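Chemist: I'll drop the sequence and a predicted model, then ask my questions.
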Amino acid sequence: MEHMKFISASQVKNVLTFESLIPQMEKALAKFSDKKVVQPVRSVIPVKESGGFFGLMPSLCSEDNVLATKLVSFYPNNKDVPTHNAVIAMFNASNGVPEVIVDGEVITAMRTAAVSAVATKFLCNKNPKVLALLGSGVQARSHYQALSTLYTFEEIRVWGRTKANVDSLASELNGTACHTAEDAVKGADVIVTVTSSTVPILKKEWVKPGAHINAVGACRPDWQEIDPELMRSVSLFVDSRDAALTESGDVILSKADIEAEVGEVILGKNGGRKTATEVTLFKSLGLAIEDALSAKLVCDLLSSSNSS
Ligand SMILES: NC(=O)C1=CN([C@@H]2O[C@H](COP(=O)(O)OP(=O)(O)OC[C@H]3O[C@@H](n4cnc5c(N)ncnc54)[C@H](O)[C@@H]3O)[C@@H](O)[C@H]2O)C=CC1
Ligand SMILES: O=C([O-])C1=[NH+]CCC1
């Protein structure tokens, strides 16, 4: 391990854009659903003392010569440091030699939002105008940025638990700070739930017919962000069936039927949205291959910027 490289968060930030990442995440989701990826559902250790979690996320995609694992911690109670921290270790798939460690904090923030952008592109009605963000943290910001790469919203609404954060994000995005989740969601075309809530924050009766929801939080089997009645009434798409049935309290506790993986929609194996009035919901949990292909993209972008 004489030549192990490290790529820092600021190096990632300097080269990674949503314009390059969104197509890469479309490829990751398609490859995953086309069984081109070897990837178990992640292992997660609860760290009871601090209310945190530690996850191991390995994946292999021989087609892309990618063998990597993300190590991610999720400490929702953190105050002065980020709640999500990660590194992505990349190995040479031909000989198993470790080559690069990439900081995973920025990648986690950006790839999750890029994946939601892909799901939205395939499932949402045309020309969405109103975006509602439930949550005002890292993912709320990155979801705004990723979705704004694809759409020009006329109205951005923000709701969250902490008023000061909601006010500051709303003013940064030129949006409206909402007092209640209902105010934010009523009439919204695209709804993003990005909170650390463990109980439902989004109710069925608030959601307009034809809306699309990206449900990104609640990654534990006993956690929920979405009203179970809403879960049972939507056309439900997931990143991974296995992960959804193992990790998602929203899916497991509501017993909602999964229509398809988004990758199957991308591959044309499922038609996606069937009517303009149905509500589509993408339940995102986060896949190791998203991290591996994001890290590979960062390495490729850095080496082309160094050689130019
Ligand atoms: N699906 C995926 O691939 C990924 C999912 N996530 C999940 O997305 C969610 C947001 O992550 P970040 O923005 O990075 O975290 P963050 O810590 O930056 O923000 C969390 C937000 O949730 C709010 N919140 C916490 N408890 C709440 C409650 N009971 N009701 C309403 N709001 C509440 C906080 O005030 C804050 O606005 C988390 O659940 C996280 O685990 C994060 C990374 C990847
Ligand atoms: O995929 C990921 O990195 C995570 N999903 C939920 C918490 C972190």
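Modeler: Structure's in. What do you need? Given the structure is predicted, the values throughout are model-derived calculations rather than measurements. Residues are numbered from 1 along each chain as shown. Ligands and ions are numbered 1, 2, ... in the order given.
Chemist: Might you name the residue of the protein sitting closest to ligand 1?
Modeler: As assessed by Cβ to the nearest ligand atom, ligand 1 sits closest to Gly137 within the chain, at 2.1 Å. All C-beta atoms are positioned from the backbone trio N, CA, C, and that covers glycine.
Chemist: what residues are up against whichever residue of the chain sits closest to ligand 2?
Modeler: Minimum separation of the chain from ligand 2 (Cβ to the nearest ligand atom) falls at Gly286, amounting to 1.9 Å. The contact partners of Gly286, by Cβ atoms under 8 Å, 6 or more residues apart in numbering, come to 57, 108, 112, 115, 219, 239.
Chemist: For the fifth one, which three-state class applies?
Modeler: Just to be clear, that refers to Cys219. The three-state assignment at Cys219 reads coil, by DSSP: H, G, I helix; E, B strand; the rest coil.
Chemist: Would you agree Trp223 is in contact with Gly249?
Modeler: Yes. Using Cβ atoms under 8 Å, Trp223 is in contact with Gly249, at 4.4 Å.
Chemist: Run through the residues that contact the residue nearest in space to the middle of the chain.
Modeler: A centroid search over the chain (Cα atoms, centre = their mean) returns Thr112, at 2.7 Å, as the residue closest to the centre. Taking Cβ under 8 Å, 6+ apart as the criterion, Thr112 is in contact with 139, 142-143, 216, 284, 286, 290.
Chemist: Would you list the phi and psi of Thr120?
Modeler: Listed backbone geometry of Thr120 is phi -60, psi -40, with angles given as degrees, to the nearest 10.
Chemist: That one: neighbour count?
Modeler: Burial of Thr120 is recorded as 25 neighbouring residues (other Cβ atoms under 10 Å).
Chemist: list the contacts for it?
Modeler: Contacts for Thr120 (Cβ under 8 Å, 6+ apart) come out as 128, 147, 150-151, 190, 212, 214, 282.
Chemist: how many neighbours does Ser94 have?
Modeler: 9.
Chemist: circling back: distance of the residue of the chain closest to ligand 2 relative to Ala170?
Modeler: 26 Å (Cβ to Cβ, to the nearest Å).
Chemist: follow-up on the earlier one: who touches the residue of the chain closest to ligand 1 in this structure?
Modeler: Contact analysis of Gly137 by Cβ under 8 Å, 6+ apart lists 83, 160, 165, 194-196.
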